[in-house]
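Novice: Got a sequence here, can you model it:
(2 chains)
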Number of protein chains: 2
Amino acid sequence: MKCRKCKDKAVINMRHHKLALCKDHYLAWVLEQTERFICKYHMFTVNEKVLIAVSGGKDSLALWDVLLSLGYQVDGIYINLGIDAGIGYSERSLSMIRKFMETHGEAVLKVVDVPVTYGASITTAASRTHRGKGRPCSVCGLTKRHIMNRIAEEGGYDVLVTGHNLDDEAAVLLGNTLTWQTGYLARQAPVLPASGAGLVRKAKPFCRFYERETAAYALLAGIDYVYDECPHAVGAKSIYYKELLNTLEEERPGAKLQFYLNFLRARDEGAFRVFEEQVELNKCSQCGQPTSLVGLCTFCRTWQQVNSQSGNTQ
Amino acid sequence: MKCRKCKDKAVINMRHHKLALCKDHYLAWVLEQTERFICKYHMFTVNEKVLIAVSGGKDSLALWDVLLSLGYQVDGIYINLGIDAGIGYSERSLSMIRKFMETHGEAVLKVVDVPVTYGASITTAASRTHRGKGRPCSVCGLTKRHIMNRIAEEGGYDVLVTGHNLDDEAAVLLGNTLTWQTGYLARQAPVLPASGAGLVRKAKPFCRFYERETAAYALLAGIDYVYDECPHAVGAKSIYYKELLNTLEEERPGAKLQFYLNFLRARDEGAFRVFEEQVELNKCSQCGQPTSLVGLCTFCRTWQQVNSQSGNTQ
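Specialist: Modelled structure (predicted):
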């Protein structure tokens, strides 16, 4: 198969786009497309300060690389969750990011160490709360959202970006659709505006790239990354939904992209507008972050519970 | 496993309802539930004339049996599509319905023979039109909808009911959702009101029963039926969607029902109201049936094309 642009040997064939490209044209195409999505969904401008959440995985590192190449002002934040799982997961993730930074001299990284800052690893924290029964993903998500918003606010960033790709977005969408979680459907979008109550704008510039495409970008751009999924995610529903969607995609190439794009169109046309809640947000009496609760926010309540049960384990 | 009501041996266990029942209590439960759905969705009353489309399959025969048992005024319509497929499919279906009628003395059946009335079997008709390329389902659906509405109107019936079960409805819903066909989503419901332009009310009293439950009803009530799917449906998308949903159901019992019911709730709450089209309907200049087109309706256009190409085959 030949590159559509230069007739050199193609390294990737995107059946859903009927597009095969060589290495150089593929790397350029990802940059162009990302720029197009950033503009199309009004995510941010070159004059704004961007904070990217990096995990050490392919998506966030590839996105950081792309945003720097496109000339955006983008700093990274790494949240060390203290997950070991016998493979030193969190430590390996951080060292992968450090390696990335060696070849990206301009990159600035902020690190928040959860065990040091909050007193327990996510694994331990989850085991001490009812939220964490079975799987720490709920406590982990809550904690990451809190930290990301706090760091973005404190650093004066205009927008927080994450590396979610199409497979991630389509899986979340399928989960929300199969249960018709209308409130979540109303809020799922490539960009979520800031709210005056202290919630920073959020954007997902890679939301239209298949996972295979972000992996190909990382590989071809020479970016090394952590291959493992988070050890706690094994058996998670999102992985199950991804498999369902992969079955569908095999049957009909492009099905996943169409599912997501047609949802965005339906949403734009007002499908879930009636479910857009205008929740009155308060400030948490302890951390000052926005919360729908009165007094302490869910993050502070959860971590209060975690630390009230602290023993010798971390 | 024991019957929840009488402690006799249960013949069916419905995990999604956490309900096991013996034969007698299961048959009674199906009747009660059907009555409940008819009332809940305002499908029809005992004073109205009901026309049921029967195919000879388990769903329509079970539904006819249930509606007669519940005391509704319900006549049947069988549309002989002239499908042979080497197994005399249509003829076998009709003989199964005749057998049903032997044990249901009060049942009245109207038969419309498509080859006799319109000049070609569905198989032949499809082969002569661009709509039928590959699979006759499109021409078949169009033809059945036309005939059912015509017979319902001519016979002064208040409502046309079909035996669609939950698996059917969920599969259609999944197909429409994966492509976000908002217009179709706006119109998918247990009951569709009549329109002044001559479209009769439509209702699906079995829409909340799993296929397994309607099959169990037919079996336990001693109703014999055609087991084969329509030979033309093999490989149809709807079957593929059913398989996807079965995978999901295996993982989470009740998932299919929740998918459908939560959709109905979201729809009721206005999710797709903005897509409800108020199409201006005209009367077809030939058959008088409602149509969004000017002059001939799609049914008349299609069959004109079929008959203009008629040779010796039927």
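Novice: rest of the way, CA atoms for contacts and neighbours
Specialist: Noted.
Novice: Can you get me a residue count around the residue nearest to A:Lys283 when sequence neighbours are not counted?
Specialist: Spatially, and ignoring its direct neighbours in sequence, A:Lys283 is nearest to A:Pro290 (4.7 Å; C-alpha to C-alpha, 6 or more residues apart in numbering or on different chains). Neighbour count for A:Pro290, taken as other C-alpha atoms under 10 Å in any protein chain shown: 22.
Novice: again, but for the one 4 residues further on
Specialist: With neighbours defined by other C-alpha under 10 Å, the count for A:Val294 comes to 11.
Novice: what's the closest non-adjacent residue to it?
Specialist: Excluding the flanking residues, the one nearest A:Val294 by C-alpha to C-alpha, 6+ apart is A:Asn282, at 6.6 Å.
Novice: Remind me which helix or strand A:Val139 belongs to.
Specialist: helix A:137-154 (DSSP states H and E).
Novice: In this structure the residue nearest to A:Val294 contacts A:Leu293, no?
Specialist: Yes. The criterion here is C-alpha atoms under 8 Å, and A:Asn282 meets it with A:Leu293 at 6.8 Å.
Novice: Between the two, which has more neighbouring residues?
Specialist: Set side by side, A:Asn282 and A:Leu293 show more neighbours around A:Asn282, with 18 against 13, by other C-alpha under 10 Å.
Novice: follow-up on the earlier one: contacts for the helix holding A:Val139 next, please.
Specialist: A:51, A:53, A:77, A:79, A:81, A:112, A:122, A:125-126, A:131-132, A:158-160, A:198-200, A:232-233, A:289, A:299, A:302 (C-alpha atoms under 8 Å, 6 or more residues apart in numbering or on different chains).
Novice: Pull the contacting residues for the closest residue to chain B within the stretch 1-150 of chain A.
Specialist: Per C-alpha to the nearest C-alpha, A:His16 is where the stretch 1-150 of chain A lies closest to chain B, at 14.9 Å. Shown in contact with A:His16 (C-alpha under 8 Å, 6+ apart): A:253-254.
Novice: What pLDDT is listed against it?
Specialist: On pLDDT, A:His16 comes in at 90.
Novice: cool, and A:Tyr118?
Specialist: pLDDT at A:Tyr118 comes out at 94.
Novice: Apart from its chain neighbours, what residue comes closest to it?
Specialist: Spatially, and ignoring its direct neighbours in sequence, A:Tyr118 is nearest to A:Trp303 (7.6 Å; C-alpha to C-alpha, 6+ apart).
Novice: Go ahead and confirm the one you found touches A:Ser127.
Specialist: No. Here A:Trp303 lies out of contact with A:Ser127, judged by C-alpha under 8 Å, at a distance of 11.7 Å.
Novice: more crowded one of those two?
Specialist: Remark: of A:Trp303 and A:Ser127, A:Trp303 carries more neighbours, 20 against 17, as counted by other C-alpha under 10 Å.
Novice: List the contacts of the helix or strand that one falls within.
Specialist: Assigning secondary structure by DSSP H and E places A:Trp303 in helix A:298-308. Contact with helix A:298-308 is made by A:118-120, A:125-126, A:128-129, A:139, A:142-143, A:146, A:286-287, A:291, as judged by C-alpha under 8 Å, 6+ apart.
Novice: repeat that with 10 Å
Specialist: With C-alpha atoms under 10 Å, 6 or more residues apart in numbering or on different chains as the test, helix A:298-308 has contacts from A:118-120, A:122, A:124-132, A:139, A:142-147, A:284-287, A:289, A:291-292, A:295-296, A:309.
Novice: circling back: give me the subset of the contacts of helix A:137-154 lying in strands.
Specialist: Those of the contacts of helix A:137-154 mapping onto strands are A:51, A:53, A:77, A:79, A:112, A:159-160, per DSSP state E.
Novice: what's the farthest-apart pair in these?
Specialist: Of all pairs drawn from those, the greatest distance, 18.1 Å, lies between A:Val112 and A:Val159 (C-alpha to C-alpha).
Novice: More neighbours: which of the two?
Specialist: Ranked by neighbour count (other C-alpha under 10 Å), A:Val112 and A:Val159 place A:Val159 first, with 26 against 18.
Novice: circling back: which residues touch the residue nearest to A:Val294?
Specialist: A:Asn282 neighbours (C-alpha under 10 Å, 6+ apart): A:197-198, A:288-297.
Novice: Which residues of chain A lie near chain B?
Specialist: For chain A, the residues in contact with chain B (C-alpha under 10 Å from any C-alpha of the partner chain) are A:174, A:176-182, A:186, A:240-241, A:244-245, A:247-248, A:251, A:255-267, A:269-275.
Novice: at 7 Å what do you get?
Specialist: Residues of chain A lying near chain B by C-alpha under 7 Å from any C-alpha of the partner chain: A:178-180, A:182, A:258-259, A:262-263, A:266, A:270-272, A:274.
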